[in-house]
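K.L.:
Show me the folded form of this:
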Amino acid sequence: VDRAIELCSEMHDIKGAISENVKKLEAIAEDYQSQGSSTKLYFLQRALQSLERYVYLILFNTYLHQQFPLAFAQNFSQWLCSNAWVYRLLSCMNQSELRAPADLITKGARVLVADEYLSPDVLSTVKEMKVANFRRVPKMPVYGMAQPTSEATGVVLSYLTDEKRNHQHVLWVNVQEELVLEANGQIFCPREPSCLDQHISLHTAQTQDIERLETALKEEILKAQKWLEVTLEQEKQMKMFKSCQTVQEIFNQHKSSQPGLEYRRIPLPECAAPTEQDFDRLLEAMKSVLAEDSRAAFVFNCSNGKGRSTTAMTMAALTLWHFNGFPEFGEEEIVSVPDAKYTKGEFEVTVVMKLVRILPEGHRMKREVDMALDSVSETMTPMHYHLREIIICTYRQVGGALSFSTLY
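P.N.:
Residues are numbered from 1 along each chain as shown. Now for the predicted structure:
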């Protein structure tokens with residue numbers, strides 16, 4: 001492939017374009033807007049586009065080597081489908097954040113944003129539990145919440161292990177993929193100054209990569225000992241941090257007083273489905289704890305206790321039903337959106353109904369997932385977060401510009 005690219009590079013060098021755009025990206029000390037768009041994002045996208053072309057050429061050459069002796073028994077599309085791992089590889093090409101230096105915060109290129117700004121306490125649980133949006137799946141030892149401080153973690157653990165609930169083992173799963181630190185008793189996440197509401201994705205990172213970056217960021221903040229710009233709930237301030245710790249350090253401290261506590265970091269993508277490996281990791285963690293204690297509690301947190309926590313809680317509810325038996329389901333489902341029938345199966349052309357027809361006992365599989373979603377969302381009414389409702393609400397927001405069958 002390299003030789004073919006070299007022979008065809010008179011007008012454009014595909015390999016050279018990758019390194020050229022990466023160099024331009026790394027040379028930008030401070031991001032600026034050009035024609036209304038981020039310059040950093042522009043060169044990052046150009047680098048990724050060139051890299052994707054290069055990867056596809058290598059894949060195509062591999063296909064030719066394998067299929068030429070077979071008289072091209074498969075076309076390239078079929079060959080890609082039979083090597084599905086390729087698509088997961090392509091989705092993980094952007095590794096730029098894994099190399100982002102920790103001093104972006106202390107140099108002012110990024111700012112720290114407090115969770116009180118990012119995670120409004122819609123369920124009004126901060127006063128009692130010290131953490132936003134704390135909730136439990138009815139009749140199940142499955143809990144969800146926003147990212148807790150060390151103090152809030154202690155309050156929640158005391159609640160779970162008191163005489164009333166008396167959980168001897170607690171599996172606590174942090175599903176955040178972004179960097180998180182507790183500084184001066186508050187939770188902060190780094191953000192781009194121009195996009196405070198948009199989290200900086202580390203979806204391609206492994207747990208150890210995220211924890212390594214959090215440790216580096218903590219050490220940089222403590223070493224710098226300078227005033228840093230932070231965004232709080234209502235205002236921006238300058239703060240100097242005397243104390244700072246990672247989430248892993250918080251749980252290491254609590255484990256000394258809670259021997260039944262097991263902490264896992266299983267990062268899930270924001271606004272997207274978990275990967276197959278994410279399902280595997282969560283199931284293995286639950287199986288390990290259930291083998292020790294069938295009455296264990298399962299706690300999940302993300303940034304605001306909303307999307308990713310709900311996904312993980314639903315996965316946990318389904319898993320526990322398989323271990324402990326499924327409850328009796330009523331005939332009526334909990335649906336607060338009048339036109340939610342579009343997500344319940346009446347819209348026969350949706351991908352959901354195609355899946356139902358393909359899977360063995362597909363209607364039963366879907367109904368059990370729907371009931372798990374209803375159970376998890378029952379205590380979340382003020383947050384207006386129900387996965388099936390979000391589908392139809394999002395469709396409404398696009399104004400019907402595309403047909404529902406086009407979207408799904």
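
K.L.:
Quick test: name the residue nearest the centre of the chain.
P.N.:
P269 (2.4 Å; C-alpha atoms, centre = their mean).

K.L.:
How about the contacts made by it?
P.N.:
By C-beta atoms under 8 Å, 6 or more residues apart in numbering, the residues touching P269 are 177, 201, 203, 275, 308. Glycine gets a C-beta too; all of them are placed from N, C-alpha and C.

K.L.:
Give me the subset of the residues you listed that lies in helices.
P.N.:
Within the contacts of P269, membership in helices is found for R308, as judged by DSSP state H.

K.L.:
wait, isn't A183 in contact with S243?
P.N.:
Yes. In this structure, A183 sits in contact with S243. The criterion is C-beta atoms under 8 Å, and the distance is 6.8 Å.

K.L.:
buried residues in stretch 169-186?
P.N.:
Along stretch 169-186, the positions that meet the burial threshold by neighbour count (16 or more other C-beta atoms under 10 Å) are 169-183, 186.

K.L.:
From one end of it to the other, what's the distance?
P.N.:
With C-alpha to C-alpha, to the nearest Å as the measure, stretch 169-186 spans 27 Å from end to end.

K.L.:
Now the residue nearest to G16 when sequence neighbours are not counted. Its backbone dihedrals?
P.N.:
Computed as C-beta to C-beta, 6 or more residues apart in numbering, the closest residue to G16 that is not its neighbour in sequence is S9, at 7.3 Å. Backbone dihedrals for S9, given as degrees, to the nearest 10, come out at phi -100, psi 20.

K.L.:
Next, count neighbours for S9.
P.N.:
By other C-beta atoms under 10 Å, 13 other residues sit near S9.

K.L.:
what do you get for A109?
P.N.:
One way to gauge burial is a neighbour count; for A109, by other C-beta under 10 Å, it gives 18.

K.L.:
Show the pLDDT at K236.
P.N.:
The predicted local confidence for K236 comes out at a pLDDT of 90.

K.L.:
The residue lying closest to it once chain neighbours are set aside: how many residues sit nearby?
P.N.:
Closest residue to K236 apart from its sequence neighbours, by C-beta to C-beta, 6+ apart: E229 at 6.2 Å. The number of residues packed near E229 is 15, by other C-beta under 10 Å.

K.L.:
What strands line up against the helix or strand containing E229, and which way round?
P.N.:
In this structure, E229 is located in strand 228-231 according to DSSP states H and E. On the basis of DSSP bridges, the sheet neighbours of strand 228-231 come out as strand 111-114 (parallel), strand 236-239 (antiparallel).

K.L.:
Nearest to V369, out of these?
P.N.:
strand 111-114 (33.8 Å; C-beta to C-beta).

K.L.:
Show residues contacting the closest one.
P.N.:
In this structure, residues lying in contact with strand 111-114 by C-beta under 8 Å, 6+ apart are 105, 181, 183, 186-191, 193, 196, 228-233.

K.L.:
re the thing from before, name the residues of the strand holding E229 that come out as buried.
P.N.:
Buried residues in strand 228-231, counting neighbours by 16+ other C-beta under 10 Å, are found at 228, 230-231.

K.L.:
ok, now stretch 8-25?
P.N.:
By neighbour count on 16+ other C-beta under 10 Å, the buried set for stretch 8-25 is 14-15, 17-18, 21-22, 24-25.

K.L.:
Contacts for that stretch, please.
P.N.:
Here stretch 8-25 has contacts from 2, 5, 40, 43-44, 46-47, 50-51, 53-54, 57, 96, using C-beta under 8 Å, 6+ apart.

K.L.:
Let's see that with 10 Å instead.
P.N.:
1-2, 4-6, 39-54, 57, 96 (C-beta atoms under 10 Å, 6 or more residues apart in numbering).

K.L.:
Can you pick out the ones from these that are in helices?
P.N.:
Secondary structure assignment (DSSP H) places 2, 4-6, 39-54, 57 from those within helices.

K.L.:
Can you flag the buried ones in those residues?
P.N.:
In the ones in helices among the contacts of stretch 8-25, the ones that pass as buried (16+ other C-beta under 10 Å) are 5, 39-40, 42-44, 46-48, 50-51, 54, 57.

K.L.:
Could you dump the residues you listed into JSON lines with distance to L387 added?
P.N.:
Compiled in JSON lines, those are given as follows (distance: C-beta to C-beta, whole Å):
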{"residue": "I5", "distance to L387": "44"}
{"residue": "T39", "distance to L387": "36"}
{"residue": "K40", "distance to L387": "33"}
{"residue": "Y42", "distance to L387": "34"}
{"residue": "F43", "distance to L387": "35"}
{"residue": "L44", "distance to L387": "30"}
{"residue": "R46", "distance to L387": "35"}
{"residue": "A47", "distance to L387": "34"}
{"residue": "L48", "distance to L387": "29"}
{"residue": "S50", "distance to L387": "36"}
{"residue": "L51", "distance to L387": "33"}
{"residue": "Y54", "distance to L387": "37"}
{"residue": "L57", "distance to L387": "38"}
